[in-house]
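K.L.:
Quick one, structure for this:
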Amino acid sequence: CQVSVLENAIVRRVITGKDPEPLGTRHPSATPFQAFPTADGYIVVALAFGGENQWQLLCGLLGKSELLDDERFNTGPRRTANHAALEPMLNDGFSKRTTAAWMDELMAVGIPCGPLNTVGEVMADPQVAHRKMIVEVEHSEAGRLPIANTPVRMSRSETGISGPPPDFGVDGPDVLRELLGLDDEAIDGLRERGVLVTEGGPDIASLL
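P.N.:
As a prediction, the model looks like this:
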């Protein structure tokens, strides 16, 4: 259930009595904890709560040591309160190098980070391939199509998508037989009157 991923939003609603406002990629109470533009894309940086040494290390890597002496940013809560002033400075620093270069430097000093991938990059990622999260299925009109797989995996059972979705209306007659007990004559009558449609769906091949 998607409600489970609203944990801090629900807590903030309970505590403040107000609905949380849109934040973009920014965390509501940890700063910096968001996506930043790099020379060739974006990187997500997530400083740990209470880890002020990470802030010092980050400022050093960014060439922004002057931020360490700025009282607006010398604690986590102050950085969050003044994020509007801080964010452009961090954007400027991160824009100087590529995502891969920042990944190497940040991970070397233990600062949590990760690339913000495009959909194409996700589909080509080796870990995605290893987990079989993109699988190809054979469609009756469009041929072989890559689609997203289910994330559920079991140790002794094969899981995941085994084929394409059914063609338009193909299951209609079976549903009417099993759930309503209709015979072929009744189903044909529904089809003739346009109540049951089992063909004429979208031209999938033309959309590709």
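K.L.:
what number of residues lie near Asn74?
P.N.:
Using other CB atoms under 10 Å, Asn74 is surrounded by 13 other residues. (Each C-beta comes from the backbone N, C-alpha and C, glycine too.)
K.L.:
cool, the one 4 residues further on as well?
P.N.:
Arg78: 15 surrounding residues under other CB under 10 Å.
K.L.:
Can you read off the backbone torsions of it?
P.N.:
phi -70, psi -40 (degrees, to the nearest 10).
K.L.:
got a pLDDT number for the closest residue to it other than its chain neighbours?
P.N.:
Closest residue to Arg78 apart from its sequence neighbours, by CB to CB, 6 or more residues apart in numbering: Arg72 at 5.8 Å. Note for Arg72: predicted pLDDT of 97.
K.L.:
Arg72 and Val109: what is the separation?
P.N.:
24 Å (CB to CB, to the nearest Å).
K.L.:
Quick check: the residue nearest to Arg78 vs Ala84, distance?
P.N.:
For Arg72, the distance to Ala84 - CB to CB - is 10 Å.
K.L.:
ok, the two, which is more surrounded?
P.N.:
Arg72 (13 against 7).
K.L.:
what number of residues lie near Asn91?
P.N.:
12.
K.L.:
I should have written Ala100 there, sorry.
P.N.:
Using other CB under 10 Å: Ala100 sits among 14 other residues.
K.L.:
so Thr132 is in which element?
P.N.:
Actually, residue 132 is Lys rather than Thr. Per DSSP states H and E: Lys132 is located in neither a helix nor a strand.
K.L.:
what's near enough to touch it?
P.N.:
By CB atoms under 8 Å, 6 or more residues apart in numbering, the residues touching Lys132 are 149, 160.
K.L.:
what ranges do the strands span in this protein?
P.N.:
Here the chain has its strands, by DSSP state E, at 33-37, 42-46, 113-115, 134-139, 143-148.
K.L.:
Domains in this structure, by residue range?
P.N.:
Domain assignment for the chain by automatic domain parsing gives 25-116, 118-165, 172-202.
K.L.:
which stretch among these comes nearest Thr16?
P.N.:
Closest to Thr16 of the domains of the chain, according to CB to CB: domain 25-116, at 10.6 Å.
K.L.:
who touches the residue at the greatest distance from the centre of the chain in this structure?
P.N.:
Of all residues in the chain, Glu185 has its C-alpha farthest from the mean position, at 48.2 Å, by CA atoms, centre = their mean. Contact analysis of Glu185 by CB under 8 Å, 6+ apart lists nothing.
K.L.:
what separates it from Gly169, distance-wise?
P.N.:
Counting by CB to CB, the gap from Glu185 to Gly169 is 19 Å.
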